[in-house]
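Undergrad: just to be clear, the model below is a prediction. Sequence and coordinates:
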Amino acid sequence: MRELFTSEHQLLRKSIRAFVEKEIVPHAGEWEEEGRIPKALWRRLGEVGFLGLEFPAEYGGGGGDFVSTVVFAEEMARCRSGGVAFSVLVHTDMSSPWLTRYGTEAQKRKYLPGIISGETVCALGITEPGAGSDMAGIATRAVRAGDHYLITGNKIFITNGVYGDLYFLAARTGPGTPERRHEGISMFLVERGSPGLQVSRKLDKMGMRASDTAELAFQECRVPVENLLGEAGRGFHQLAVGLQRERLVAAILALSGAAQALDDTVAYLRERQAFGEPLASRQALRHRVADLATELEAARQLVYHAAALFAEDAECVMEVSMAKLYATEVANRVAYHAVQLHGGYGYMREFPVEGFYRDVRLYPIASGSSEVMREIIAKRLPL
Ligand SMILES: Cc1cc2nc3c(=O)[nH]c(=O)nc-3n(C[C@H](O)[C@H](O)[C@H](O)COP(=O)(O)OP(=O)(O)OC[C@H]3O[C@@H](n4cnc5c(N)ncnc54)[C@H](O)[C@@H]3O)c2cc1C
């Protein structure tokens with residue numbers, strides 16, 4: 001398989017790794033406790049250019065390729081807090097790229113500089129209490145009233161939704177039909193503080209604790225018509241394109257975090273003595289680690305293959321779905337065994353594998369669950 005990373009990507013990796021080790025790792029535990037990322041981190045990430053790797057240079061971005069994002073996600077995932085990595089990648093890759101793809105020039109000029117500098121933190125608002133996997137089932141409505149839309153409905157599980165500044169929101173501008181339920185969905189840019197928008201709850205969750213997760217209520221929330229993103233009624237199609245990026249990034253975050261957990265486990269097995277020798281010398285445990293390393297490598301090759309196709313703008317729905325399904329499930333197997341191989345210490349908060357075990361559980365659920373991935377793959381097989 002051809003090498004995905006050039007020497008420039010390797011240099012980028014070095015600088016991201018140094019930043020993560022110096023400016024994130026020492027504070028990650030504190031932010032996990034606080035349940036939020038400080039604004040200062042967003043600004044620092046902006047200052048060093050990591051929030052705009054792929055955005056066009058004319059708006060302050062780095063003009064890089066998708067492989068730069070692969071590097072960024074891999075290195076962020078090693079920051080010892082799944083929540084920090086997830087929040088940041090929701091901002092850089094799971095929401096804001098819709099702006100470069102579908103935004104008007106005026107929208108890009110207004111929002112991109114703040115997104116790239118870390119001043120404007122982004123969130124993606126699709127999921128509703130009654131519609132998760134079934135995205136076409138969203139019921140939030142946007143009704144045109146003069147030069148505004150009035151948006152009414154509820155969103156749930158919105159990452160960066162409590163402290164974020166700009167929501168990429170899906171709402172219905174048309175009813176759709178029973179056969180074509182996905183028609184009539186539109187995307188909007190909704191600013192924090194818009195009249196009629198309320199953060200109804202900060203949700204308490206199992207892992208990813210440094211990333212804030214909101215339930216949002218919209219009551220005739222006034223959004224100017226110029227904040228419609230892309231074409232009215234085409235939101236579902238727009239979202240479908242962006243979802244491939246989101247799924248790849250989720251797969252990379254899960255996988256890279258798992259690689260770190262396995263490294264930690266190997267170090268632990270070498271150090272921990274039992275029955276007069278290091279645990280690393282026990283064949284049963286060595287074989288377990290060998291299996292996990294093999295599965296991780298297989299998942300990595302799937303992910304890199306899908307990432308290379310995506311970077312070339314090639315058709316890759318099947319490959320991305322397989323990569324997301326396999327990588328996130330392998331990462332969870334690694335997490336399970338990493339805790340087991342640490343024994344009682346693996347169950348303690350002070351050991352990073354404990355946090356990883358909780359964080360990584362999200363990935364087979366969010367950004368399209370494993371069951372949804374299987375459905376997408378099955379539809380493309382001659383069944
Ligand atoms: C921490 C966290 C952060 C999140 N961040 C965001 C965010 O920023 N923005 C956002 O919009 N959403 C976000 N989500 C929502 C996430 O994408 C959804 O939870 C996910 O899409 C699943 O939807 P659901 O929870 O409604 O589960 P459901 O769709 O109700 O599914 C429940 C179970 O049934 C399975 N299932 C559903 N349909 C089928 C089917 N047809 N065949 C077989 N099995 C099926 C699912 O795979 C799942 O196992 C987040 C969720 C969490 C937990």
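TA: Perfect, thanks for sending it.
Undergrad: state the pLDDT value of the closest residue to the ligand within the stretch 1-150 of the chain.
TA: Closest contact between the stretch 1-150 of the chain and the ligand, by CB to the nearest ligand atom, is at residue 132 (1.8 Å). Any C-beta I mention is one placed from the backbone N, CA and C, and that applies to glycine too. On pLDDT, residue 132 comes in at 95.
Undergrad: how about the residues of the stretch 251-383 of the chain that lie near the ligand?
TA: By CB under 6 Å from any ligand atom, the residues of the stretch 251-383 of the chain that approach the ligand are 362, 365, 366, 367, 369, 371, 372, 375.
Undergrad: before we move on, the earlier item: how close does the residue of the stretch 1-150 of the chain closest to the ligand sit to residue 158?
TA: Between residue 132 and residue 158 the computed distance is 12 Å (CB to CB, to the nearest Å).
Undergrad: where's the closest residue in space to residue 116 that isn't next to it in sequence relative to residue 17, distance?
TA: In space, and not counting its chain neighbours, residue 116 is closest to residue 52: 3.5 Å by CB to CB, 6 or more residues apart in numbering. Applying CB to CB, the value for residue 52 to residue 17 is 19 Å.
Undergrad: show me how far stretch 215-225 is from its chain's centre.
TA: Centroid displacement of stretch 215-225 relative to its chain, using CA atoms, centre = their mean, to the nearest Å, is 24 Å.
Undergrad: what's the answer for stretch 77-95, then?
TA: Centroid separation for stretch 77-95 versus its chain: 6 Å, with CA atoms, centre = their mean.
Undergrad: just how off-centre is the longest helix along the chain within its chain?
TA: Counting residues, the longest helix found in the chain (DSSP state H) is helix 235-271. In terms of CA atoms, centre = their mean, the centre of helix 235-271 is found 9 Å from the chain centre.
Undergrad: what residues of that helix count as buried?
TA: If you call a residue buried by 16 or more other CB atoms under 10 Å, then helix 235-271 has these buried ones: 235-236, 238-239, 242-262, 264-266, 268-269.
Undergrad: cool, and stretch 107-120?
TA: 107, 108, 110, 111, 112, 113, 114, 115, 116, 117, 118, 120.
Undergrad: average model confidence for it?
TA: Average pLDDT, stretch 107-120: 98.
Undergrad: now the helices: where do they sit in the stretch 1-150 of the chain?
TA: In the stretch 1-150 of the chain, the helices defined using DSSP state H, counting those that start in this stretch lie at 7-19, 25-34, 39-47, 66-76, 82-89, 97-102, 105-117.
Undergrad: appreciated, that's everything.
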